[in-house]
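Asker: Give the three-dimensional model of this entry:
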Amino acid sequence: MSIWQPGPRPEWVQALNDNCDPDWIPLDADALLAEARAKTGLEDFGDPRFEEPFRILVESLNDEKSLHTVGALLIRGDLLNALTIRLQLTEERRQHPEVTEESIDRPVFIVGLPRTGTSITHELLAADPRHRAPLHWEIRYPFPAPEAATYRTDPRIAQADRQIRLWCEIVPEYDQVHELGGAIPVEDIQVMGGSFISDEWMGRHVVPAYSAWYATCDRVPGFEFHKQMLQHLQWKCPGERWVLKSPSHMSQLEALLTVYPDARIVFTHRDPLRVLPSVVSTLYSTAFVRSDQVDVEAMKGWFTGETCKALLDGMTALRRSGRLPESQCFDLRYADLMKDPVAALAGIYEHFEIDYPDSARQAQRDYIDNKPKGRHGQHKYDFADTGLDLDEERARFAEYYRAYDVVNEA
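Answerer: Numbers count the residues shown, from 1 in each chain. All right, here's what the predicted structure looks like:
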């Protein structure tokens, strides 16, 4: 299988990797817990269910990692940051019990297979000035709580921007895959990172042992932590409604509904045969940020036609069962979104009985005008790169094409 290949590493990255041994950067679960406590002066990490996945993740990173030096520095910082947030969140809820009473009412989740328009849909809904979406800066640095008066000028925006843009300095081509920035909305998997029950950790690293544990674990604690984060973020900076997003929710809709029974879900739909090569390319580029040893053959098995079909069939079965009423669902086709984004979004507002004033429409048009597609270069991928049989794969998804009126793109 031929997929996108990155260019040479920037000189400073290569020099650091060549001259520093990543084993000098220790990843020890007990030491990280102690360091987070020492850094904050706090002791209580809250719900103890985080510790099992945290320890499995650290063990998996140590036993199965192929991190270069910069990658080892990044994951150590990520782990420490997640632990620090847990400590701070627990302490805030102890000192300010009113935060626990914050209501998360009928949040809107954008869910679909990866690379089906979930990101741009999320960003456009977030452009509506009445809406609240988690931005990278407030997820990376959530304490003290964001405040409405300084939400767009907080110095943590620039700090987070430097932090996340480092990915694109390490792999300059990453901008072609997914735009990153401190003030850009983030996926729920980042909001859930501090639970250590999140696809975020698998998306950044090749960690088979953690992935195996995650495949059968209870996902509800991850969403419970997610809700606590939203309560914290809206405490001093509310919006009319939350707009949230993650393709990963396709495999955990039951858990999502357990914590958010009144969730309104926008399902994005695109030809899976366009999705497959793009997902593999994205996974590869994300892992390459932190490792020089990314096994392309192994990665091919992470997201296959069988995987796609299982996710789509699970979504359909849940909806047909009545567990997820159609009144809480809206189907958004990628082709419609690309043809006329504002008209496509109007369907969401109408279905969920949300008013759609001219001010919201104009804000979304302005967002589109200021974000021309491909401004960082073109993310190139093609079904032919998968090595799969086109007719066989089309037959696999024939029922899906019919049920959701999805256009063939491959």
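Asker: where's Thr121, which helix or strand?
Answerer: helix 118-127 (DSSP states H and E).
Asker: no, scratch that, I was asking about Val266
Answerer: strand 264-269.
Asker: ok, that strand: who's next to it in the sheet?
Answerer: If you go by DSSP bridges, strand 264-269 pairs up with strand 108-112 (parallel), strand 329-333 (parallel).
Asker: helix or strand right after the last one?
Answerer: Later in the chain than strand 329-333, the nearest helix or strand by DSSP H and E is helix 334-339.
Asker: mind listing what's buried in that next one?
Answerer: Tyr334, Asp336, Leu337 (16 or more other Cβ atoms under 10 Å). Just so you know, the C-beta spots here come from the backbone N, C-alpha and C atoms, and that holds for glycine as well.
Asker: Distance of the second one relative to Ala82?
Answerer: Computed with Cβ to Cβ, to the nearest Å, the distance linking Asp336 and Ala82 is 37 Å.
Asker: ok, now the last one?
Answerer: Leu337 is 33 Å from Ala82, where distance means Cβ to Cβ.
Asker: could you check the angle helix 118-127 makes with the strand holding Val266?
Answerer: Angle of strand 264-269 versus helix 118-127, following axes from the mean of the first three to the mean of the last three Cα atoms, to 10 degrees, is 140 degrees.
Asker: contacts for strand 264-269?
Answerer: 106-113, 116-118, 121, 253, 315, 324, 328-334, 337, 348, 352, 404, 406 (Cβ atoms under 8 Å, 6 or more residues apart in numbering).
Asker: Buried only: go through those residues for me.
Answerer: 107-113, 116-118, 121, 253, 315, 324, 328-334, 337, 348, 352, 404, 406.
Asker: so where's the stretch 251-400 of the chain shaky on pLDDT?
Answerer: Across the stretch 251-400 of the chain, the ranges flagged by pLDDT under 70 are 295-302, 372-387.
Asker: re earlier: take the buried residues of helix 334-339 and lay them out in a markdown table including distance to Asp271.
Answerer: Formatted as a markdown table, these follow (distance: Cβ to Cβ, whole Å):
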| residue | distance to Asp271 |
| --- | --- |
| Tyr334 | 8 |
| Asp336 | 13 |
| Leu337 | 13 |
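Asker: List just the nearest of those residues to Ser60.
Answerer: Ranked by distance to Ser60 (Cβ to Cβ), those are led by Tyr334 at 34.3 Å.
Asker: hang on, isn't that closest one packed against Gly117?
Answerer: Yes. At 4.6 Å, Tyr334 counts as touching Gly117 under the criterion of Cβ atoms under 8 Å.
Asker: between these two, what contacts are shared?
Answerer: Joint contacts of Tyr334 and Gly117 (Cβ under 8 Å, 6+ apart) are Thr268, Arg270.
Asker: Surely Ala202 is in contact with Trp213?
Answerer: Residue 202: Met, not Ala. No. Applying Cβ under 8 Å as the test, Met202 and Trp213 come out as separate, 10.4 Å apart.
Asker: the more surrounded of these two?
Answerer: Each of Met202 and Trp213 has its neighbours counted (other Cβ atoms under 10 Å); Met202 has more, 21 against 16.
Asker: Spatially, what comes nearest to the more buried one if we skip its sequence neighbours?
Answerer: Nearest non-adjacent residue to Met202, counting by Cβ to Cβ, 6 or more residues apart in numbering: Ser211, 5.2 Å away.
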